[in-house]
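Colleague: how does the following fold in three dimensions:
(2 chains)
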There are 2 protein chains.
Amino acid sequence: MDPIILALGSAVLGLVLAGFLAKFVLSQDEGNAKVREIAAAIKEGALAFLGREYRILAIFVAIVTLVLIVVPDLGWKVALAFVFGAISSGLAGYIGMSIAIRANSRTAAAAAVSLNHGLKVSFRAGSVMGMSVVAIGLLGLSILYFAFNGDANFLAIIPGYGFGASSVAIFARVGGGIYTKGADTGADIVGKVEKSIPEDDPRNAAVIADFVGDNVGDTAGMGADLFESYVDSIIATMTLGTIAVFSTHLNIGLVPDEQTAWWLPMLVAAGGIVASIIGIFSVRVGEKLQMTALLNALRRGTYVAAILSVIFSFAAVYFLEADLGLFVAIVAGLAAGMAIGESTNYFTSYVYKPTLKIAEASQTGAATNIIAGFGNGLMSVAPPVVFIVIAIIVAYNFGDVYGVALAGVGMLATLGIQDATDAYGPVADNAGGIVEMSGMPHEIRERTDALDSLGNTTAAIGKGFAIGSAGLTALALLLSYTIAVGITPSQISLLDPAVLVGLFLGGMLPAVFSAMTMQAVGKTGFSIVNEVRRQFAEIPGLMEGTGKAEYAKCVDICTKESLKQMILPSVMTVLAPIVIAFLFGKIALGGFLIGATVTGFILAVAFSNAGGSWDNAKKWVETGAYGGKRSEAHKATVIGDTVGDPMKDTSGPSLNIMIKLVSIISLVLAPVIVNMNGIF
Amino acid sequence: MDPIILALGSAVLGLVLAGFLAKFVLSQDEGNAKVREIAAAIKEGALAFLGREYRILAIFVAIVTLVLIVVPDLGWKVALAFVFGAISSGLAGYIGMSIAIRANSRTAAAAAVSLNHGLKVSFRAGSVMGMSVVAIGLLGLSILYFAFNGDANFLAIIPGYGFGASSVAIFARVGGGIYTKGADTGADIVGKVEKSIPEDDPRNAAVIADFVGDNVGDTAGMGADLFESYVDSIIATMTLGTIAVFSTHLNIGLVPDEQTAWWLPMLVAAGGIVASIIGIFSVRVGEKLQMTALLNALRRGTYVAAILSVIFSFAAVYFLEADLGLFVAIVAGLAAGMAIGESTNYFTSYVYKPTLKIAEASQTGAATNIIAGFGNGLMSVAPPVVFIVIAIIVAYNFGDVYGVALAGVGMLATLGIQDATDAYGPVADNAGGIVEMSGMPHEIRERTDALDSLGNTTAAIGKGFAIGSAGLTALALLLSYTIAVGITPSQISLLDPAVLVGLFLGGMLPAVFSAMTMQAVGKTGFSIVNEVRRQFAEIPGLMEGTGKAEYAKCVDICTKESLKQMILPSVMTVLAPIVIAFLFGKIALGGFLIGATVTGFILAVAFSNAGGSWDNAKKWVETGAYGGKRSEAHKATVIGDTVGDPMKDTSGPSLNIMIKLVSIISLVLAPVIVNMNGIF
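Modeller: Sure, this is the predicted structure:
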């Protein structure tokens, strides 16, 4: 029996579970008429955006497919894998968002019953997303495997799938990210800072756009993002399979044959799906409104899944008769992911000193708040780098470069539950907004707030995993690229001017990319602020509650701006490696990829954690510290939070995608790039 | 005749000019009693700080000297060069500051006469600093050359001088940077944002500390910084001399012998000093209060110097019978410096779109202002990287790695005048403060404001040169390091895990370093805000102008905080390469150095330009845009400016030093590091 049957089976199992959970969520009470009305507006806006976004993506995919077919050394099989990857990614995002826009009102209604019920509905909705991502990913790879594993070009075809997934991801993350943070920024500036009205107040014309943003950015965008991380890590490991058989470093084969080298990451992922399913069912919470109880419930789930994943991975290594050192590499990856997640939590949760210091600095105004938060983000880069370095050293020593790639798979094996704990956050956030807007009692809002706040922490941990795995996966893809174009280690010297040029230009890309996405959010936010201000000025009785805000206007602005502005940074990223290879040759491109990976990793961590800590510093002040809500300190934290929004939810996560995208494009185009020597 | 006599001669000429200019400045009218009283307070605070800072530095220098003497492979000659470099750097900073703290009151008095006279006094004071830096630097190197050029270990001794200069520079830049921006931040937050009183208002208890900061940070700190850049670039070229003789790439000797390879950078620098002197004398301005006229006057000076420097460099290459390709490399460096300076000006001057966009974004508050400014900083990374890359490619093709190093010297050859246009800014800034505090007429303040504002632009251009040359010099030092420890190009592969580990850890260093320095400024600013607030609350009649602020308290806080907090980041930087080599070996250290250079370069540019553009966006609003002074938009720009302060004047410039310091330490300690292989 081909072991990939197991991968196929667990993918199907994951889909069945997703269906089961979706059915559960959809069977819940939708809430009263007011709640349903708000939810309908959110649904309409979100689906309209996704439809238009996917239409733009379709054009992009069509162009690239054509190019792939036409270029002699690539051909229709790579093109097919590319389209398949793009569609799979889009599907994962669509499913996740479809359930999220239906779960928000149901979570609001469930929170009216009890906290536990609220958690159940939102977490199960998040789990639909988590399961869809991993199940569709593994299913797609299994299908490709069965279709092409006999093909001599198998290792050239399979990266096409990742290229498709990465391409969709970058557009979805950037577009969704600009949308959600443009709306959020705009809503906060006028609502909280200028008018001193609460978050999600119905008088604020940008609230519906803000809710739509949670779905299109934090849910659909994130789904595409994690889908990409997941499949790319597996693909990177499969393409390094040849090395695992003929390791130069250890002088022994790490696996019996090439086929086994492909099977191993698939089976580790398959075990991770089963582990995640069990983990999801072990999340339960009592009725106490305590952050720690909630957090522990989710933690239990992820730890159960992690332990099971380790056991399953051992079984996979053992039964495939692979070197046991590879098991060590897998565990090193998983441990590094956990450690990075914990350090992210330390730097962004208001239980710890770094975030409390930012809150303290807010007493002297927005400027000191921002300096403190940005400094914290930069400082938080240290542990993830150290953990990644340790993982690289351990994985390399026990499993050569194949081990490094496998460590990335180990880190992401339990993505099913990781994503679930991440994706439920925006659902709870939306539910809270609906509670506020529909005028439900204050105690229900407190419950959704508890869920949402917890979501920030789990999201931070999830981001730690995402960036950690991105680093390892990008490295693995880079190594695959050099093998594919036939660069030997001694040919790619750090002292070669081509490599130095590549390193500098690669290091520049994340900065320019972040600038574009950040400025896009700023621009969208600026438009929203002016629109909300206009409505307050022109609509009679809006502030007093007798007039009605025109929500659709803000939804429209966000949709147009974000779709327009997602194109340039995304297309730039796709073209960059090709331009570099053309101008400076394939060796410079190697330097470029590593430069982009290192700088991208560092900026992504700094941006994500700075944003997370600003957000939670605000939440800490809102618990009553330094004068609590409406104090001057609070205003300062709101400004900090707003500055952090594009960093943590647009630029930061997009960088994760970027560093893999440039590598996987280089890998896919290797047959073309191999002939490029540029000016060197 | 030994050609270095020419270097010695031009250094002496530079010192004579500095003395002549100093005499001119000191002969000027010191202003009225009130002006003199304020100037005395500034002088006292600045000298007290520098005294205490140098005492701490003396301890550090003593410890390092002892270590250098004791370690068998280094010895007393390296130690002597180190002490000499440290003292020279300290002296350059001291002379520059000594004149600055005497020129401020005289510039205020001169501005009362005419704008042209104000420019003359302040620019001549800046020229004293510029000339001192280059003259002392070249004098020191000449002395070392004559003392040790017959020594077999000459190429091991001479980097000791750079190590000394770099060590002093990092402490001085970090300490001075924390001081000046802590005071500035604190003064602005309470004065401008909370109390809406003008800048430099005597009621603000932090004003004197702020003025002192301009001198200890922007003058003394910058002097040590540029001194380091200057001597390190020459040293890096000298140590690459061996390669110039036996080029592997061009298969020909670029210079007749090793001696010539040492002479060339010295003579290019010597020509640059003469060119700068002529350039300084060609700066003159009419009496029109126009930014463009002022800017053109300074530009004329720098362009005259640049053209002369090109001619002198050609002469040096020609008469030393070196390959004419080296002349191309020198010009490539100079052109890249100019181009980077112009791009810096584009991204930070309010004449251009990027800064105007930030001002526009301020209409919707501080958050959008900060997002726009930070995005602009990140975007501004692109041109400098591209220009540096072009310079590397051209210089390498025409002069191998020796050419790359020489391009750095070419870029800094005219540092004498570059530094003068940079250093006069803080003098004008101080003068403006004195004008404000002493209640001189408004039109005089307008004149000093024009001088100061222009200083921001020239400072921005100067920063472009500083970071550009830092990149090239760090590369050259890194190459020298690999030669010194005997790493061949094929041994330092980008695919080697040791190199990858080094790259990640090296990329992390600038982030952590910036975090520390930024947080130090935030902390100092926080203390200052609380003190100024306390004085407003407790001193009767302070706001009404009947009470008197206790300036000394703020001066004391800044001194203590900055001296305490400069130690950790500086010592960390010094120890980092040693720890990396010990843990991971000499090859990983190569990766570490390049990782630190690339990320450091990118962050330095982003921070400097973000800060510069925030500052000028504020100045643009102050000209009346979007409601002008006291408008909500203005408050937003003040917050942005405050956030940018530590970025542009503490973290950013310190990174320039950092990337060279880690390389030069590695080079100096090469005889020890050569035996380190760490865990790899």
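
Colleague: point out the residues in the stretch 501-650 of chain A that sit beside chain B.
Modeller: Counting by CB under 8 Å from any CB of the partner chain, the stretch 501-650 of chain A comes close to chain B at A:501, A:503-505, A:507-508, A:511-512, A:514-516, A:518-519, A:521-522, A:525-526, A:529-530, A:590-591, A:594-595, A:598-599, A:601-602, A:606, A:639, A:642-643, A:646. For glycine as for every other residue, the C-beta is placed from the backbone atoms N, C-alpha and C.

Colleague: ramachandran coordinates for A:Ile539?
Modeller: Dihedral angles of A:Ile539 (phi, psi; degrees, to the nearest 10) stand at phi -90, psi 120.

Colleague: verify the stated contact: it with A:Tyr551.
Modeller: No. Taking CB atoms under 8 Å as the definition, A:Ile539 is not a contact partner of A:Tyr551, at 11.8 Å.

Colleague: between those two, which has more neighbouring residues?
Modeller: For A:Ile539 versus A:Tyr551, the count of surrounding residues by other CB atoms under 10 Å in any protein chain shown is larger for A:Tyr551: 23 against 16.

Colleague: pretty sure the more buried one contacts A:Asp210?
Modeller: No. In this structure, A:Tyr551 is not within contact of A:Asp210 by CB under 8 Å, at 9.8 Å.

Colleague: low-confidence regions, the stretch 201-350 of chain A specifically.
Modeller: The model of the stretch 201-350 of chain A has pLDDT under 70 over residues A:247-252, A:285-291.

Colleague: list the residues that contact A:Asn204.
Modeller: A:187, A:190-191, A:195, A:197, A:532, A:549 (CB atoms under 8 Å, 6 or more residues apart in numbering or on different chains).

Colleague: next, it: phi, psi?
Modeller: phi -80, psi 120.

Colleague: distance between the helix or strand A:Phe374 falls within and the chain's centre?
Modeller: Assessed by DSSP states H and E, A:Phe374 sits inside helix A:366-379. Centroid separation for helix A:366-379 versus its chain: 24 Å, with CA atoms, centre = their mean, to the nearest Å.

Colleague: what angle sits between it and helix B:366-379?
Modeller: Angle between the axes of helix A:366-379 and helix B:366-379 is 40 degrees (criterion: axes from the mean of the first three to the mean of the last three CA atoms, to 10 degrees).

Colleague: near chain B at all, helix A:366-379?
Modeller: Yes. Counting by CB under 8 Å from any CB, chain B has neighbours in helix A:366-379: A:366-368, A:370-372, A:374-379.

Colleague: am I right that A:Ile602 sits in a helix?
Modeller: Yes. The assignment for A:Ile602 by DSSP: H, G, I helix; E, B strand; the rest coil puts it in a helix.

Colleague: run a quick neighbour tally on it.
Modeller: 29.

Colleague: surely it touches A:Ala382?
Modeller: No. At 10.0 Å, A:Ile602 and A:Ala382 do not qualify as touching, with contact defined as CB under 8 Å.

Colleague: by contact count, what packs against the lowest-mean-pLDDT helix or strand in chain A?
Modeller: Ranked by mean pLDDT, DSSP states H and E, the helix or strand of chain A with the weakest confidence is helix A:241-245, at a mean of 81. The contact analysis (3 or more CB pairs under 8 Å, 6 or more residues apart in numbering or on different chains; DSSP states H and E) places helix A:241-245 against helix A:258-281, helix A:382-412, helix A:442-484.

Colleague: buried deepest among those helices, which one?
Modeller: By mean neighbour count, with neighbours taken as mean count of other CB atoms under 10 Å in any protein chain shown, helix A:382-412 ranks first of the helices and strands packed on helix A:241-245 at a mean of 27.

Colleague: just want the angle from that helix to helix A:258-281.
Modeller: Per the same axes, to 10 degrees, the angle that helix A:382-412 makes with helix A:258-281 is 100 degrees.

Colleague: what distance separates the helix or strand that comes right after helix A:382-412 from the centre of its chain?
Modeller: Beyond helix A:382-412 in the direction of the C-terminus, DSSP H and E gives the next helix or strand as helix A:415-437. Mean C-alpha position of helix A:415-437 versus that of the full chain (CA atoms, centre = their mean) differs by 14 Å.

Colleague: show me what helix A:415-437 is packed up against.
Modeller: Under the contact rule (3+ CB pairs under 8 Å, 6+ apart), helix A:415-437 is packed against helix A:33-70, helix A:76-113, helix A:115-148, helix A:207-213, helix A:222-239, helix A:258-281, helix A:291-319, helix A:442-484.

Colleague: give me the angle between that helix and helix A:115-148.
Modeller: Using the same axes, to 10 degrees: helix A:415-437 against helix A:115-148 is 140 degrees.

Colleague: now helix A:415-437 against helix A:291-319, angle please.
Modeller: If you take the same axes, to 10 degrees, helix A:415-437 sits at 160 degrees to helix A:291-319.

Colleague: how far off helix A:76-113 does helix A:415-437 point, in degrees?
Modeller: Going by the same axes, to 10 degrees, helix A:415-437 makes 50 degrees with helix A:76-113.
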